[in-house]
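Participant: Build me a structure from this.
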Amino acid sequence: MQQRRIGDRSVSAIGLGGMPMSIEGRPDEARSIRTIHAALDAGVTLIDTADSYHLDPTDVGHNEILIAKALRLAGKGPDDVLVATKGGHRRPGDGSWYTQGGAGYLKKACEASLQRLDVEAIGLYQFHRPDPATPYEESVGAIRDLLDEGKILMAGISNANPAQIRLAQEILGGRLVSVQNQFSPAFRSSEPELELCDELGIAFLPWSPLGGITRAGELGSAHAAFGEIAAERGVSPQQVALAWELAKSPVVIPIPGASRPESILDSLEAVTLELTDEELARLG
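Facilitator: Below you'll find the model as predicted:
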């Protein structure tokens, strides 16, 4: 499979987002493990997760535990697959989310993720979302400390604006390797962050690259050009969307979520779909 880079790691150009396998409407464990194994068999070497991908406070870290089990069953270790997890965004169990970016909390969250993932060091740890109640310098400073202590091997941030990207890069001493922001045909306001990542050589990981769990199936009808090109090419609108994102910059690595083997396998076909300049112009 086509490769791209996160820091000093070469990874598959499209990763697997684990969120749909752990929140509302999640499948049974057997199907989730089949989905992860299908991705691995197809060459995926990047899996995205977070401690907050769960249902309620009794279920914290469900997705991390699931991924660790699937990798163990597949005989895969940290050298084979880069697992990117996140801390600082929490779910109280009522469907809502809230932020917690204090340094003490983030360090405890990282320790818990280390145990759930059953690794000596987390391959990529990302600050999930800025906390208005905590100075950004404190939150990213905690990530820097984890990096210095060897508890994480690479550091990233998520849901950040250009100023925060530059500040994080400064706080981390030039060691920021990834920015994970929402980006899709329906959500393009992260274009400035994508362009900055391209300028700085930092991996840009679009989350919800197909528009989100409930809207991915409507992509072709909601965004006509994607549906039209998909029909002309004989592929899915989802493949067109991912190919469009990959064409934006070599730093882009989409992480579509999936809860069925068929979904992730369809998404992975996008790495071989080369869109023409005329098609890219139509997509905008």
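Participant: I'd like the distance from stretch 240-255 to the chain centre, please.
Facilitator: Remark: stretch 240-255 is offset 13 Å from the chain centroid, using CA atoms, centre = their mean, to the nearest Å.
Participant: Ok, stretch 45-58 next?
Facilitator: For stretch 45-58, the distance to the chain centre is 11 Å (CA atoms, centre = their mean).
Participant: end to end, how far does that stretch reach?
Facilitator: Terminal residues of stretch 45-58 are spaced 29 Å apart (CA to CA, to the nearest Å).
Participant: Buried residues, that stretch. List them.
Facilitator: Using 16 or more other CB atoms under 10 Å as the test for burial, stretch 45-58 gives 45, 46, 47, 48, 49, 50, 51, 52, 53, 54. C-beta here means a position set from N, CA and C on the backbone, and glycine is covered the same way.
Participant: Repeat that for stretch 252-261.
Facilitator: Quick answer for stretch 252-261 (16+ other CB under 10 Å): 252, 253, 254, 255, 256, 257, 258, 259, 260, 261.
Participant: Give me the mean pLDDT for that stretch.
Facilitator: Across stretch 252-261, pLDDT averages out at 97.
Participant: to the chain's geometric centre, what's the distance from it?
Facilitator: In this view, stretch 252-261 has its centroid 8 Å away from the chain centroid, taken as CA atoms, centre = their mean.
Participant: Could you work out the end-to-end span of that stretch for me?
Facilitator: The first residue of stretch 252-261 is 23 Å away from its last residue (CA to CA).
Participant: try stretch 4-17
Facilitator: End-to-end distance for stretch 4-17: 17 Å, by CA to CA.
Participant: Wait, residue 40 touches residue 75, no?
Facilitator: No: the pair residue 40 and residue 75 fails to qualify as a contact (CB atoms under 8 Å) at a distance of 9.8 Å.
Participant: Quick one: the buried residues of stretch 45-58 as TSV, columns for distance to residue 124 and secondary structure too.
Facilitator: Below are those laid out as TSV (distance: CB to CB, whole Å; DSSP: H, G, I helix; E, B strand; the rest coil):
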residue	distance to residue 124	secondary structure
45	12	coil
46	9	strand
47	10	strand
48	9	strand
49	10	coil
50	12	coil
51	14	coil
52	16	coil
53	15	coil
54	20	coil
